[in-house]
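Enquirer: model the structure of this input:
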Amino acid sequence: MAWIYLVLAGFLEIIWAFFMKKSAGFTLLVPSAITLITMIASFTLLSLAMRSLPLGTAYTVWTGIGAVGAFAVGVMVLGETLTPMRLIAALLIVAGIVLMKLSSSTA
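Expert: Numbers count the residues shown, from 1 in each chain. The predicted structure follows:
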């Protein structure tokens, strides 16, 4: 169950990052509210996952999902530039997530 919580927390991190961008510095009510709600939900799920997963593994996977997901949303939805260097950086983050998952002996 911890891994399910962790993956959901990571996806919620992508959502809150996107809506934080859309909130225009927390000046727009609806995107700001979505940001805060999904942020709280993400942190809650992360804390549940940390009950049985090691801190380093849980935090690395959570931030990695958020970072790569936000990068992908930025490129696909917001029209941000996709360069070879940015793609390599995202792939290295994914490799780190996979290695953390493989190295985790818990749950």
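Enquirer: what's near enough to touch the one residue sitting closest to the centre of the chain?
Expert: Central residue of the chain (Cα atoms, centre = their mean): G66, 1.7 Å from the mean position. When contacts are counted by Cβ atoms under 8 Å, 6 or more residues apart in numbering, G66 is found next to G10, E13, I14, A17. Backbone N, C-alpha and C define where each C-beta goes, glycine included.
Enquirer: now do the SS call for the spatially closest residue to the last one that is not a sequence neighbour.
Expert: With Cβ to Cβ, 6 or more residues apart in numbering as the measure, A70 is the residue that lies nearest to A17, at 4.4 Å, once sequence neighbours are left out. When the structure is reduced to helix, strand and coil (DSSP: H, G, I helix; E, B strand; the rest coil), A70 reads as helix.
Enquirer: check whether A70 really touches I14, as I assumed.
Expert: Yes - between A70 and I14 there is a contact under Cβ atoms under 8 Å: 5.5 Å.
Enquirer: look at T57 and say how many residues are nearby.
Expert: When counting by other Cβ atoms under 10 Å, one arrives at 23 neighbours for T57.
Enquirer: ok, it touching L99?
Expert: No - counting by Cβ under 8 Å, T57 sits too far from L99 to count as a contact (10.0 Å).
Enquirer: one step back: not counting sequence-adjacent ones, nearest residue to the residue nearest to the centre of the chain?
Expert: E13 (3.3 Å).
Enquirer: would you confirm that that neighbour contacts G69?
Expert: Yes - with contact defined as Cβ under 8 Å, E13 and G69 form a contacting pair (7.2 Å).
Enquirer: residue at max distance from the center of the chain?
Expert: T27 (23.1 Å).
Enquirer: which pLDDT value goes with that residue?
Expert: Per-residue pLDDT puts T27 at 98.
Enquirer: make residue 1 into 732 and carry on from there
Expert: I'll keep to 732 as the first residue from here, and by that count the last item is T758.
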